[in-house]
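*Asks:* can't give you the sequence, but here's the structure:
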């Protein structure tokens, strides 16, 4: 395996770890039912983003000139970071956890591919397309076993949740692409992620100040907010940034298709939800898609010339 293959594999592993951590957020939120989706999103991504910036202070100072040169992409990424958690948790609140998560995570790879195609002229490989289709099919099957979501919510709320989920998917793709663009311009992963998520965290602070009072109402609520800010958002996005420095944004967002699988398994084990045979098939398809996209495939060996008779 070449050094490039090792780097890409390490990058894919970093994104995979991040997606596993992100998959715990839905279950964690169930332990703070009195906290609204805007407060959850603002606390998780806002505090997590500011922590990333604080940890990356030395890198931010050293690479200030390069960050200023890439300020348009840093601002674009920061605004997308601020919008994403508000849209994501609102989508789950409006349409239900399953539909909101599936729409957001399923749309992100497609938006990433379109962004790379339009802005960078990058073509998608057959392997990526095959893996993405398998993953999207798996997420669709994960959604099918829960038609009660359409009964428990008004149709207008579900449609609004789908629309907001698409916004979340687009902003996820945008900040992934913009952060990687900054890294490709010579900025380190720590500085690029610190600047992008630090700006997003600053933009989310007013939302947290307005909506975050329930976090102080009880220790369980406070513990949920602290966990989501420190583990899935801070540690998760550190891993995601390391991955983005090594793989394309469209590949990174596709690997995160594992997030709804983790969310579903935790819902079964911790929350007590059930999963049908179609749901388990969906999980198998998503895992297969990850193998198709991320595992190194051996190159074909050239046929040896036959000796002359």
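*Replies:* Yep, that arrived. Just so we're clear, the structure is a prediction, and the values are computed from it rather than from any experiment.

*Asks:* C-terminal to the helix or strand of the chain with the lowest mean pLDDT, what's the next element?
*Replies:* The least trusted helix or strand in the chain, going by mean pLDDT, DSSP states H and E, turns out to be helix 148-152, with a mean of 50. Sequence order places helix 155-184 as the next helix or strand after helix 148-152, per DSSP states H and E.

*Asks:* Now do the buried residues in the helix or strand following that next one.
*Replies:* As assigned by DSSP H and E, the chain's next helix or strand after helix 155-184 is helix 189-211. If you call a residue buried by 16 or more other Cβ atoms under 10 Å, then helix 189-211 has these buried ones: 189-201, 203-205, 207-208, 211. C-beta coordinates here come from the backbone N, C-alpha and C atoms, glycine included.

*Asks:* how much does helix 189-211 deviate in direction from helix 155-184?
*Replies:* Angle, helix 189-211 to helix 155-184, by axes from the mean of the first three to the mean of the last three Cα atoms, to 10 degrees: 150 degrees.

*Asks:* what packs against helix 189-211?
*Replies:* The contact analysis (3 or more Cβ pairs under 8 Å, 6 or more residues apart in numbering; DSSP states H and E) places helix 189-211 against helix 37-41, helix 48-55, helix 57-62, helix 64-69, helix 71-95, helix 155-184, helix 236-244.

*Asks:* contacts for the shortest one?
*Replies:* Helix 37-41 is contacted from outside by 29, 32, 84-90, 92-93, 204, 207-208, 211-212, 214-215, 225, 228, using Cβ atoms under 8 Å, 6 or more residues apart in numbering.

*Asks:* what about that helix, distance to the chain center?
*Replies:* Centre-to-centre, helix 37-41 and its host chain are 16 Å apart (Cα atoms, centre = their mean, to the nearest Å).

*Asks:* List the residues that contact the nearest residue to residue 34 once chain neighbours are set aside.
*Replies:* Computed as Cβ to Cβ, 6 or more residues apart in numbering, the closest residue to residue 34 that is not its neighbour in sequence is residue 214, at 5.0 Å. By Cβ under 8 Å, 6+ apart, residue 214 lies in contact with 32, 34-36, 39, 221.
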